[in-house]
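K.L.:
Below: sequence and its predicted model.
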Amino acid sequence: MPPGEGPSAPAAQACAPGAAACPAPRALYEDADLLVLCKPSGLLCVPGRGPDKQDALSTRAQQHWPGALIVHRLDQATSGLVLMARHLEAQRRLSRAFAERTVHKRYQAVVRGCMGQGTADPAAWQEIDLPIAADWARRPLRVIDATQGKPSLTLWRALSCDLAARTTRVELAPVTGRTHQLRVHLAAVGHAILGDALYADAATRGLAPRLLLHASHLAFAHPATGAHLALEWAADF
């Protein structure tokens, strides 16, 4: 069995589904059609299998915004902005926007090594274009596979490099949305994310108490009005 994500990162404060003391997720934006919620690292987006995996962002949201519906997900270990719909028509329209790649997402991460050093412009946007496939023997892991993999594209740029620690803060803009895409792509080019229990070596995992990956930016057209919305939540690492 591959390692799970829970033990690698400090889990969000556990809350039994339906518990009266369960706090509402922090909403960065809310209206009659949608929610943009702040997911902490260690909290599932949707319930998993087993009684110990029923606490999730979606179940907490539904306690406070009845009828709230999931539109997309973040890995359990990833923190950041999650978009939810308030009703079925909004979910349909937002899901179509994700499928048509008109929802723009940005992430920040801290990775091992000085990424981008030696290039003409270390701050310029660059590409990781590597096909990703499921690693069926080690699920839920993914691998780079030129034969079976699906086309997968990540844009990235270096924000700062800590020469003493030999780490780089990067901004990431996934063009495609494969499972574990950012984690797999960065590990594949030799710059695994600090604290990554699935794709980093033991030394890199040990450099942080959690996965240092955060969904910091969401921009999209409002499903009812068409107005442009852009939300930001800065990483706390």
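P.N.:
Now that the structure is in, tell me what you want to look at.
K.L.:
Distance check, the most centrally placed residue in the chain against residue 130.
P.N.:
Of all residues in the chain, the one closest to the mean position by C-alpha atoms, centre = their mean is residue 74, 4.0 Å from it. Look at residue 74 and residue 130: by C-beta to C-beta, to the nearest Å, they are 21 Å apart. C-beta: built from backbone N, CA, C; applies to glycine.
K.L.:
which sections of the chain are below the confidence cut-off?
P.N.:
Applying pLDDT under 70 to the chain flags residues 1-11, 16-21.
K.L.:
tell me, which helix in it spans the most residues?
P.N.:
Counting by DSSP state H, the longest helix found in the chain is helix 88-99.
K.L.:
Buried ones in that one, by neighbour count?
P.N.:
By 16 or more other C-beta atoms under 10 Å, the buried positions in helix 88-99 come out as 90-91, 93-95, 97.
K.L.:
quick one, helices of the protein?
P.N.:
Under DSSP H, the chain gives helices at 57-64, 88-99, 181-188, 202-205.
K.L.:
Residue 216: which of the ones you listed is closest?
P.N.:
Nearest to residue 216 among these is helix 181-188; the distance by C-beta to C-beta comes to 12.3 Å.
K.L.:
ok so, going back, contact partners for the residue nearest to the centre of the chain?
P.N.:
39, 45, 80, 82, 215 (C-beta atoms under 8 Å, 6 or more residues apart in numbering).
K.L.:
Filter these down to the buried ones.
P.N.:
With burial judged by 16+ other C-beta under 10 Å, the buried subset of the contacts of residue 74 is 39, 45, 80, 82, 215.
K.L.:
Closest one to residue 155 out of those residues, please.
P.N.:
Of all these, residue 155 sits closest to residue 215, with 14.8 Å by C-beta to C-beta.
K.L.:
distance of that closest one from residue 85?
P.N.:
17 Å.
K.L.:
Equivalent analysis for residue 35, please.
P.N.:
Between residue 35 and residue 85 the distance is 8 Å, computed by C-beta to C-beta.
K.L.:
Show me the common contact partners of the two, please.
P.N.:
Listed contacts common to residue 35 and residue 85 are residue 68; contacts here mean C-beta under 8 Å, 6+ apart.
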